[in-house]
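Q: Dropping the sequence and predicted coords here.
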Amino acid sequence: MSAAIAVRGAVKTYGDVRALGGVDLEIQPGEFFGLLGPNGAGKTTLISALAGLVRLSEGRIAVMGLDVVDDYRVARRMLGVVPQELVFDPFFTVREMLRLQSGYFGLGRNDDWIDELLANLDLTRKADANMRQLSGGMKRRVLVAQALVHRPPVIVLDEPTAGVDVELRQGLWAFVRKLNEQGHTIVLTTHYLEEAQTLCNRIAMLKAGRVVALDDTANLLRAVDGHTLRVKVEGVLPADLGGAPPERDGDWWVFSSEDYGQLAERLVRLRSAGVQISEFEVGQPDLEKVFVDVMRRAG
Amino acid sequence: MTPESFAAFRALLYKEFLRFWKVSFQTLGAPVLSTVLYLMIFSHVLQAHVTVYGAIEYTAFLVPGLVMMAVLQNAFANSSSSLIQSKITGNIVFVLLTPISYREFYLAYVVASVLRGVAVGLGVWLASLFFVLVLPTSPLWVVVFTIMGGAILGSLGVIAGIWAEKFDQLAGFQNFLIMPLTMLAGVFYSVHSLPSFWYGVSHFNPFFYMIDGFRYGFFGVSDVSPWLSLAIVSVFLGLLAALTLRMLASGYKLRG
């Protein structure tokens, strides 16, 4: 079976600026894939090249085995892109936009699916409203609907929750998760790393146009020393509790470890040493720490 | 064209049609009014003083020229304004993400431009009936030059809309190229009434042949043979279409 997305040696230069410096990436069908990186890392350039909005200087990209340049007609039918910018056409209503977008994909009668999309994205009441009358969140939902009118197997969401309220964000993720469960491949770029951590089963991190990390989300999280036990104690902390000494953070003592077992052992030792613990917190490793570590190591 | 690509072309054409139809007061009504004002003023001032081609009253002579001017200017305005608005607001991406080819893209924009040009031209002609009855003697010439003239200006509109990055660049294209070429193409006069230098210069203006050929369809007389006009207009359209298609195929200013 062809990869949902296969990127081979993707290079994009703008004059002296190298936006993509030789990206190789393969995303399998059904994955929920995160594409992360700081501003200017090349995420949007890569997505634009995938969508045919940008032409690579070198390299090739295929969607479901179809080259995005040579087989662009079929490749674009396989792909739905939710752009980062909140763009809309002020001349049309929501339903008109979705009908037109269906037409661009050669779909004449698509109202049943359009109705389903409107219902799933809570847009039914706004179907006949002009795009200008919608709030930012509503416009964002329409962008999602537009990307899905032709039922693409691969869906790319370029920072879809930027500036979106919590309710819409949760509704959007529930819908996207459902699509993923139905077999759609999802590629997500976001600056909200907790979203990527929760949703994506695999993540690539880009910096300066190169992939600097690519692994399962769980493996990336395991690679950092991210489990922490924070305790507030009455009195003095005994000198020897085994393992690495804790760090001081205001009134708190912070023990770090690669796994919870070692931290549980520290807790037992504290209790056996008769230390009175007034408060404690357990912290999990998070993608933000991984991201910061990876970016620092990448130089 | 496959059925799917034809459906895509039709959808884009429909969108371009709706775009001007939904604001028809501005895109159809306003140009009809301003062109009819030309007719009122010029015919009032010059009717008693000028006859053209021997026996044609000036007001009658003016009508086909003004109709064609309206066709040309509005065909240009349609594709150019649609493209620059879509580029500036970013919604051009909705079309660029789809399987629509550059040929279908070109065709949809140009056909929509012709439709708007025809709608305004028809409106001007209908309004002119209040002043003078001018009926085509050879309707086929009228139809041919309307479509070709609209297609030429629609193509120029696509070029300008893609090239321009700001509205004032587009206004420059319109005010310093399209408007002079239209005004100096014999809308208001026969080139035979010009001094010999300007008479010669007029023959290098392709817009002159569009208007002259169109006028032939109404009166059966024109400054040059309609066949010569047809040949020049056809070559000009062919060259412009080739240039526009090349721009679109290369992704110039549309696909980075």
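A: Looks like it came in fine.
Q: which non-adjacent residue is nearest B:A77?
A: B:G157 (7.0 Å; C-beta to C-beta, 6 or more residues apart in numbering or on different chains). All C-beta spots, glycine's among them, are computed from the backbone N, C-alpha and C.
Q: Confirm the one you found sits in a helix?
A: Yes - assessed by DSSP: H, G, I helix; E, B strand; the rest coil, B:G157 belongs to a helix.
Q: ok, the residue in chain A positioned nearest to chain B - contacts?
A: Minimum separation of chain A from chain B (C-beta to the nearest C-beta) falls at A:G103, amounting to 2.4 Å. Neighbour list for A:G103: B:A7, B:A8, B:R10, B:A11, B:L12, B:Y14, B:K15 [criterion: C-beta atoms under 8 Å, 6 or more residues apart in numbering or on different chains].
Q: hmm, back to that, any idea how far the residue nearest to B:A77 lies from chain A?
A: 17 Å (C-beta to the nearest C-beta, to the nearest Å).
Q: hmm, back to that, nearest to chain A, of the contacts of A:G103?
A: For the contacts of A:G103, the nearest to chain A is B:A11 (2.4 Å; C-beta to the nearest C-beta).
Q: Quick check: chain neighbours aside, which residue is closest to that closest one?
A: For B:A11, the closest residue by C-beta to C-beta, 6+ apart turns out to be A:G103, at 2.4 Å.
Q: mind checking the SS state of B:G123?
A: Secondary structure for B:G123, judged by three-state DSSP, is helix.
Q: ok, B:S101 - contacts?
A: Counting by C-beta under 8 Å, 6+ apart, B:S101 has contacts A:R73, B:S5.
Q: what about it, distance to A:N201?
A: Taking C-beta to C-beta, to the nearest Å as the measure, B:S101 falls 36 Å from A:N201.
Q: The residue nearest to B:A77 reaches B:I84, doesn't it?
A: No - between B:G157 and B:I84 there is no contact under C-beta atoms under 8 Å: 9.5 Å.
Q: which of these two has more neighbours?
A: B:G157 (30 against 22; other C-beta atoms under 10 Å in any protein chain shown).
Q: On the pLDDT front, check the more buried one for me.
A: Turning to B:G157, the model gives it a pLDDT of 97.
Q: Contact partners for it?
A: Counting by C-beta under 8 Å, 6+ apart, B:G157 has contacts B:A75, B:F76, B:A77, B:N78, B:S79, B:S80, B:S81, B:L83, B:Y109, B:S113.
Q: Can you report phi and psi for A:P160?
A: Dihedral pair for A:P160: phi -70, psi -20, per degrees, to the nearest 10.
Q: what about it, how many neighbours?
A: So A:P160, with other C-beta under 10 Å, has 25 neighbours.
Q: my guess is it meets A:V144, correct?
A: Yes - using C-beta under 8 Å, A:P160 is in contact with A:V144, at 6.8 Å.
Q: Need the residues touching each of those two.
A: A:V82, A:L172.
Q: shaky segments in the chain?
A: Reading this off chain A. For chain A, residues meeting the criterion pLDDT under 70 lie at A:225-226.
Q: other chain: chain B
A: Residues of chain B meeting the criterion pLDDT under 70: B:47-52.
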